[in-house]
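Chemist: can you look at this prediction? I've put the sequence above it.
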Amino acid sequence: MTKDEVKQQLKQYTQLCHECEGIRHKIEEKREDMHYLQAVVTGGSYARGSDISDKVERVIELMDGLIHHYADRLLQREQQEKRVLDMLACVENPRHRDVLFCLYIERIPFEEIPDRLFISERSIWYYANAAIEQIAARF
């Protein structure tokens, strides 16, 4: 993996987290909708096998398929998140790892990192580059 590819994957972490949160919300929303429809069919005055009952059952099946689709997407995004965290975990020097964590995971502005980690701006660049090189060599 090149250093640019490593940076790109690290930069995607926050977006992946937001996507996972959105997908989880959609799954929950669809499950609630599906339970509501099931309650309408079972609690309503619609006879099993009636036209309305059959249509609602088809909609429920479609929603179930959609939930599975969202679950598959969520699993893919979570695996991508894990890969980014695994990349960070492979950085041996804790200071180097802390710099990447601040830059890419916490999204702390570069100017604020020296005060937070008690290191110079020059060290931040050095540590970040060293860590990215280490990740690129391992992945």
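Modeler: Noted; the coordinates are in hand.

Chemist: use CA for all of it now, contacts and neighbours both
Modeler: Noted.

Chemist: measure residue 87 to residue 103 for me?
Modeler: When distance is defined by Cα to Cα, to the nearest Å, residue 87 is 14 Å away from residue 103.

Chemist: same thing with residue 78?
Modeler: Counting by Cα to Cα, the gap from residue 78 to residue 103 is 20 Å.

Chemist: those two: which is more packed in?
Modeler: residue 103 (19 against 16; other Cα atoms under 10 Å).

Chemist: pretty sure the more buried one contacts residue 109?
Modeler: Yes - between residue 103 and residue 109 there is a contact under Cα atoms under 8 Å: 7.0 Å.

Chemist: between the two ends of stretch 97-114, what distance do you get?
Modeler: Start-to-end, stretch 97-114 (Cα to Cα) is 14 Å.

Chemist: list the buried residues of it.
Modeler: 97, 98, 99, 100, 101, 102, 103, 104, 105, 113 (16 or more other Cα atoms under 10 Å).

Chemist: do you know how far the third one is from residue 87?
Modeler: Translated: residue 99. Applying Cα to Cα to residue 99 and residue 87 gives a distance of 13 Å.

Chemist: where are the low-confidence patches of this structure?
Modeler: Low-confidence segments of the chain (pLDDT under 70): 44-49.

Chemist: what's the single longest helix in it?
Modeler: With secondary structure taken from DSSP state H, the chain has its longest helix at helix 51-89.

Chemist: buried residues in that helix?
Modeler: 53, 56-57, 60, 63-64, 66-67, 70-71, 74, 77-78, 80-81, 83-84, 87-88.

Chemist: quick one: list the elements packing against the helix or strand hosting residue 4.
Modeler: In this assignment (DSSP states H and E), residue 4 forms part of helix 3-11. On a contact count with 3 or more Cα pairs under 8 Å, 6 or more residues apart in numbering; DSSP states H and E, helix 3-11 meets helix 121-138.
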